[in-house]
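[1] Need a 3D model of the sequence below.
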Amino acid sequence: MLTVGVLSAVGVLAVAARDGRRAHAGDAAVALLAARAERWRGAPCATGVGVERTGALVERWRVDRGGALATLADTVTADGDGAQCVGVVAVAWCAP
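    Residues are numbered from 1 along each chain as shown. The predicted structure is shown next:
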């Protein structure tokens, strides 16, 4: 009975640690997205594309311009876990 209880506790702690790491990675990914959006607000009409690695996170961003609109598409994925992904798409007016 004691063995089952100990194994149960170890399993719960392992799941809690994994969930904590995922939550921390999610928070860091959202911070990267917010920083990119702030930089983009300074010059929304400048086009570009890039990939940046910050620790275990990989950010892929692209700014396209079509007429009077510019579009930012940005995603951040965890390096070891491609299933964990956060992204944003934003649109801004550009002076013609």
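[2] can you map out the helices along the protein?
    Assignment of helices within the chain using DSSP state H yields the ranges 2-42.
[3] What is the least confident helix or strand in it?
    helix 2-42 (a mean of 75; mean pLDDT, DSSP states H and E).
[4] How many neighbouring residues does the nearest residue to Trp93 once chain neighbours are set aside have?
    In this structure, Trp93 finds its nearest non-sequential neighbour in Ala68, 5.9 Å apart by C-beta to C-beta, 6 or more residues apart in numbering. Where you see a C-beta, it was placed from the backbone N, CA and C, and this is true even at glycine. For Ala68, the count of nearby residues is 11 (other C-beta atoms under 10 Å).
[5] Equivalent analysis for Val91, please.
    10.
[6] so the nearest residue to it once chain neighbours are set aside bridges to which residues?
    Spatially, and ignoring its direct neighbours in sequence, Val91 is nearest to Thr71 (5.3 Å; C-beta to C-beta, 6+ apart). Beta-bridge pairing for Thr71 (DSSP bridges): Asp64, Val91.
[7] if I pick Thr71, what's in contact with it?
    Thr71 makes contacts with 63-65, 89-91, as judged by C-beta atoms under 8 Å, 6 or more residues apart in numbering.
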